[in-house]
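> Please work out how this folds:
(one chain, ligands or ions: 2)
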Amino acid sequence: MQVFDYEDIQLIPNKCIVDSRSECDTTIKFGPKTFKIPVVPANMQTIIDENLAEKLATNGYFYVMHRFEPETRIDFIKTMNQKDLFTSISVGIKKDEYTFIDQVVSEHLKPDYITIDVAHGHSDRVIDMIKYIKNKLPDTFLIAGNVGTPEAVRELENAGADATKVGIGPGKVCITKLKTGFGTGGWQLAALRLCAKAASKPIIADGGVRNDGDIAKSVRFGADMVMIGSLLAGHKESPGKIIEKDGQKYKAYFGSASQYQKGEYKNVEGKRMLVPYKGEIMDTLTEMKQDLQSSISYAGGKDLSSLRKVDYVIVKNSIYNGDVY
Ligand SMILES: NC(=O)C1=CN([C@@H]2O[C@H](COP(=O)(O)OP(=O)(O)OC[C@H]3O[C@@H](n4cnc5c(N)ncnc54)[C@H](OP(=O)(O)O)[C@@H]3O)[C@@H](O)[C@H]2O)C=CC1
Ligand SMILES: Nc1nc2c(ncn2[C@@H]2O[C@H](COP(=O)(O)O)[C@@H](O)[C@H]2O)c(=O)[nH]1
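Numbering: from 1, shown residues only. Ligands and ions are numbered 1, 2, ... in the order given. Prediction:
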């Protein structure tokens, strides 16, 4: 098995067929809708809230609302419906979540997307939840995760998931790899490749993206959508206040399995960090789009499908040559 991660890979350019990068089409059809770029902010409490979800939906970006204020989800769906915006929410697998699905159905709500968001998605409890949701809400596009193996992708797909989310432990605020010894941290891109080869439905690559070029690499190795936390943290629209320290502005970014999220130190697999304040998130998303357009031009194509076919080399841990920007 070839093992590598984002920083170990360089994609090999092909002859350019466009006159301008602006000709390159970064749009992706994912589930029932088409989005501007194959990028979705992580469904974490320091990354997304209702206001940002609305902004993303209005501007043609995919979003997944987090599940950490469970009692707000019904109103969130109704508000988005009133504004004629698509709805994309998260659920867990505990007993209350079955009651929540029942409530959604009894109120005749039809979320466009639901994401089952748990640490260890390869489990019968997740499979039971997939079957329950697909039975009650057959028209909802159901994303299940997280997983890190081809076997898990196949099992969740066979249970009815419409897409699977790949990534156990590669996240910036993740300490799963240190606390448990398990995961795809350090070889997320290779794990993505294995999972995508086994998949017959779309894949979301989740965690470990540190540079815009990693989005193109994710697509090359099989991702239809890329979930990003740290790169999209620290914006004006990110939940939480600006924190001033030594004259610099920051925002907090913490793991969904951290003590800051859980409110207690039990089964902690996440940490907190300060992210330098970055201004408007739309500027960052626009830059991601432009960088992806450039990637497509280097791939010698006009759309994302050209990235899927490019050759690559493994340059183990050497591509940075000390470069940071
Ligand atoms: N992508 C990643 O690498 C990771 C992501 N996370 C994120 O943290 C958040 C919390 O996740 P999670 O703890 O699953 O959610 P919950 O706290 O909602 O737990 C879901 C259920 O699964 C059980 N559970 C959790 N982990 C395991 C496990 N390893 N083996 C067996 N049962 C388990 C829990 O019981 P009990 O707590 O009693 O075990 C609970 O009953 C999510 O948003 C998740 O995405 C967390 C870790 C890794
Ligand atoms: N192991 C943990 N993983 C976590 C936790 N909270 C979130 N996550 C995962 O990280 C990605 C974001 O990764 P990034 O590298 O882009 O910052 C997120 O989508 C989750 O899958 C956690 O507490 N522990």
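> any idea of the pLDDT on I319?
pLDDT recorded at I319 is 53.
> I'd like the average pLDDT over stretch 154-161.
98.
> Now do it: everything it contacts.
116, 121-122, 126-127, 130-131, 133-134, 142-145, 147, 164, 198-201 (Cβ atoms under 8 Å, 6 or more residues apart in numbering). (Each C-beta comes from the backbone N, C-alpha and C, glycine too.)
> which residues are in contact with stretch 207-214?
Taking Cβ under 8 Å, 6+ apart as the rule, stretch 207-214 contacts 5-7, 42, 167, 169-172, 174, 184-185, 188-189, 215, 218, 226-231, 287-288, 291-292, 295.
> Skip the chain neighbours and tell me the closest residue to the residue nearest the centre of the chain.
With distances taken as Cα atoms, centre = their mean, M227 lies nearest the centre of the chain, 1.6 Å away. The shortest distance from M227 to any residue other than its chain neighbours is 4.0 Å, reached at D206 (Cβ to Cβ, 6 or more residues apart in numbering).
> Tell me how far G121 lies from ligand 2.
Between G121 and ligand 2 the computed distance is 10 Å (Cβ to the nearest ligand atom, to the nearest Å).
> Kindly list the main-chain dihedrals of N158?
Dihedral pair for N158: phi -60, psi -30, per degrees, to the nearest 10.
> What segments of the stretch 151-300 of the chain are strands?
For the stretch 151-300 of the chain, the strands defined by DSSP state E, counting those that start in this stretch cover 163-166, 203-206, 225-228, 243-245, 248-254, 272-276.
> close to ligand 2, is the third one?
Yes. Interface with ligand 2: strand 225-228 contributes M227, I228 (Cβ under 6 Å from any ligand atom).
> elements contacting the lengthiest helix in the chain?
For the chain, the helix that runs over the most residues, judged by DSSP state H, is helix 281-298. Under the contact criterion of 3 or more Cβ pairs under 8 Å, 6 or more residues apart in numbering; DSSP states H and E, helix 281-298 touches strand 39-41, helix 50-58, helix 213-220.
> at 6 Å instead, please
Helices and strands touching helix 281-298, by 3 or more Cβ pairs under 6 Å, 6 or more residues apart in numbering; DSSP states H and E: there are none.
> List the buried residues of stretch 180-198.
The neighbour-count check on stretch 180-198 (16 or more other Cβ atoms under 10 Å) flags 183-196, 198 as buried.
> Could you pull up the mean pLDDT of that stretch?
Mean pLDDT, stretch 180-198: 97.
> How many residues are close by the residue lying closest to A57 once chain neighbours are set aside?
Sequence neighbours aside, L85 is the residue nearest to A57 in space, at 4.1 Å (criterion: Cβ to Cβ, 6+ apart). Close neighbours of L85, defined as other Cβ atoms under 10 Å, add up to 17.
> Surely L85 is in a strand?
No. The assignment for L85 (DSSP: H, G, I helix; E, B strand; the rest coil) gives coil, which keeps it out of a strand.
> Name whatever forms a beta bridge with the residue nearest to the centre of the chain.
V40, D206 (DSSP bridges).
> got a list of what it touches?
Applying Cβ atoms under 6 Å, 6 or more residues apart in numbering, one finds that M227 lies in contact with V40, A42, I204, D206.
> 8 Å instead, please
If you count contacts by Cβ under 8 Å, 6+ apart, then M227 has V40, P41, A42, N43, V64, K165, G167, I204, A205, D206, G207 around it.
> Now for the first one, how many residues are close by?
The criterion is other Cβ under 10 Å. On that basis, V40 has 27 neighbouring residues.
> Give me the pLDDT for G208.
97.
> ok, it to V153 distance?
Distance from G208 to V153, counting by Cβ to Cβ, to the nearest Å: 17 Å.
> Kindly report the same for D75.
On the measure of Cβ to Cβ, D75 and V153 end up 34 Å apart.
> Which one's more surrounded, these two?
V153 (29 against 10).
> contacting residues for the residue lying closest to K249 once chain neighbours are set aside?
Counting by Cβ to Cβ, 6+ apart, K249 lies nearest to Y277, which is 3.7 Å off, once chain neighbours are set aside. With contacts defined as Cβ under 8 Å, 6+ apart, Y277 is in contact with G234, H235, K236, I242, Q248, K249, Y250, K251.
> Please identify, among those residues, the one with the most neighbours.
G234 leads those on contacts (other Cβ under 10 Å) with 25 neighbours.
> and the closest residue to A299 other than its chain neighbours, how far is that from ligand 2?
Nearest non-adjacent residue to A299, counting by Cβ to Cβ, 6+ apart: S306, 4.2 Å away. S306 sits 25 Å away from ligand 2, going by Cβ to the nearest ligand atom.
> Kindly report the same for N81.
In terms of Cβ to the nearest ligand atom, N81 sits 26 Å off from ligand 2.
> wait, doesn't L109 sit right on K78?
Yes. Taking Cβ atoms under 8 Å as the definition, L109 is a contact partner of K78 at 7.1 Å.
> Having no further points to raise, I will conclude here.
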